[in-house]
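**Q** Quick check, what structure comes out for this input:
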Amino acid sequence: ANFRELFSFTPQLRRLDLSSVSLTSVPPLAIPYLVHLNLTNNLIQDVNPASADGLPRLRTLLLRANHLPSIPNQAWYRLPLLKELDLSLNPIKEITNSSFSSLRRLDSLRLTELSELERVESGSFSGLRS
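**A** Sure, this is the predicted structure:
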């Protein structure tokens, strides 16, 4: 499906639920007013930073229960308003001090049930608000 074309007719859309639809990657979306994106329970293995370009107002990103082996921190730079992030139930192996460093407005971070987590670097959460 060409998601960019599909959602070009809904530029005022604020919430989008694409959970459990077998996505293998984050679709490139150009929805300037979208604030909530649910991609839970898909097959996503990586997040291309360019996928975030059309989502300048995104505040909630739910990537729970996908196949992410690492934290896609390069995408976060393009989501400066992100306040809520859920990466739970992914096969993430490592959390580094750059994993969340650009998420200055983050209020809620969920990292539950990371059964393959092997390493958490010192200072990994130091840039986040308490």
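**Q** Now do the contacts for L117.
**A** Neighbour list for L117: 92-95 [criterion: C-beta atoms under 8 Å, 6 or more residues apart in numbering]. Any C-beta I mention is one placed from the backbone N, CA and C, and that applies to glycine too.
**Q** Between all of the residues you listed, which two are separated the most?
**A** K93 and I95 (9.0 Å; C-beta to C-beta).
**Q** Looking at those two, which one has more neighbours?
**A** I95 (21 against 14; other C-beta atoms under 10 Å).
**Q** Go ahead and confirm the more buried one touches E121.
**A** Yes - using C-beta atoms under 8 Å, I95 is in contact with E121, at 6.6 Å.
**Q** what about R104, which SS state?
**A** Using DSSP: H, G, I helix; E, B strand; the rest coil, the three-state assignment for R104 comes out as coil.
**Q** quick one: pLDDT of the nearest residue to it once chain neighbours are set aside?
**A** Closest residue in space to R104, ignoring its immediate chain neighbours: G127 at 6.8 Å, by C-beta to C-beta, 6 or more residues apart in numbering. You'll see G127 listed with a pLDDT of 80.
**Q** what about G127, neighbour count?
**A** Count around G127 with other C-beta under 10 Å applied: 15.
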